[in-house]
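Chemist: Just a sequence and a predicted model for now, questions to come.
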Amino acid sequence: MRLSLSRYLKYQYYRMIRLKDTPSKVAQGVGLGFALDFAIPIPYISIFFAFVLARVLKINSLAAVMSASFLKLFFPAIVYINFTIQKVLVAAFPFLKTVVIPHPAGANYFERLVNSILAGGVPYLLAGLVNGAVIFIASYLAVFYLLRMRIERVKNKRTKK
């Protein structure tokens with residue numbers, strides 16, 4: 001399992017490196033995809049929103065879709081992190097617990113899933129936004145500097161020849 005996971009991560013890394021765009025736009029796309037997985041905690045919806053929002057913002061949409069797809073493996077962990085931050089927000093700001101988002105009863109699986117998320121109310125959605133902002137900044141900086149280092153390494157390698 002470890003060998004296949006490391007091969008998968010290496011494969012994703014090389015796919016990201018080969019994207020034809022500036023390091024800033026690729027890093028913004030990766031950050032957007034990761035952030036939307038936290039901000040929109042509905043499975044597979046964030047992939048669509050990442051693509052559309054990346055197109056609108058004129059950043060690398062392929063990087064956004066790749067990163068949003070990658071985090072789907074960790075959906076239960078993302079929900080757990082959002083619930084943990086929700087508890088912290090409610091402890092810090094108790095008035096948030098009283099703000100409720102009205103939602104009708106759901107008939108099918110998708111409606112029940114959306115209702116379970118909306119039942120967390122404003123604190124859960126704020127927790128997702130806070131987590132999304134933190135993840136965006138961290139992933140943007142990591143990917144941007146990783147790509148810049150790679151470009152410098154390739155440039156130095158070419159000049160030595």
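Modeler: Noted; the coordinates are in hand.
Chemist: State the next helix or strand along the chain beyond the worst-scoring helix or strand of the chain on mean pLDDT.
Modeler: Every helix and strand of the chain was ranked by mean pLDDT, DSSP states H and E. The lowest is helix 109-118, at a mean of 69. Downstream of helix 109-118, the first helix or strand assigned by DSSP states H and E is helix 121-160.
Chemist: Give me the buried stretch members for that next one, please.
Modeler: Residues of helix 121-160 classed as buried by neighbour count (16 or more other Cβ atoms under 10 Å): 121-132, 135-136, 139-140, 143-144, 146-147. Every C-beta, even on glycine, is put in place using the N, C-alpha and C of the backbone.
Chemist: quick one: contacts for the residue nearest the centre of the chain?
Modeler: The centroid of the chain falls nearest to residue 34 when counting by Cα atoms, centre = their mean (1.4 Å). Neighbouring residues of residue 34 by Cβ atoms under 8 Å, 6 or more residues apart in numbering: 67-68, 71, 132, 135-136, 139.
Chemist: Sticking with it, tell me its helix or strand.
Modeler: helix 23-39.
Chemist: Could you export that helix as CSV, CA atoms only?
Modeler: Coordinates of each C-alpha in helix 23-39 appear next as CSV, following Å, rounded to 0.1, in the frame of the first residue of the first chain:
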residue,chain,number,x,y,z
PRO,A,23,3.8,29.0,-11.1
SER,A,24,1.5,31.6,-9.5
LYS,A,25,-1.6,30.5,-11.5
VAL,A,26,-0.9,26.8,-10.9
ALA,A,27,-0.5,27.4,-7.2
GLN,A,28,-3.7,29.5,-7.1
GLY,A,29,-5.5,26.7,-8.8
VAL,A,30,-4.2,24.1,-6.4
GLY,A,31,-5.1,26.4,-3.5
LEU,A,32,-8.6,27.0,-4.8
GLY,A,33,-9.3,23.3,-5.2
PHE,A,34,-8.1,22.5,-1.7
ALA,A,35,-10.0,25.4,-0.2
LEU,A,36,-13.3,24.6,-1.9
ASP,A,37,-13.2,21.1,-0.5
PHE,A,38,-13.3,22.6,3.0
ALA,A,39,-15.6,25.5,2.2
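Chemist: Next, the angle from the helix or strand hosting residue 63 to helix 121-160.
Modeler: Using DSSP H and E, residue 63 maps to helix 61-70. Going by axes from the mean of the first three to the mean of the last three Cα atoms, to 10 degrees, helix 61-70 is angled at 120 degrees with respect to helix 121-160.
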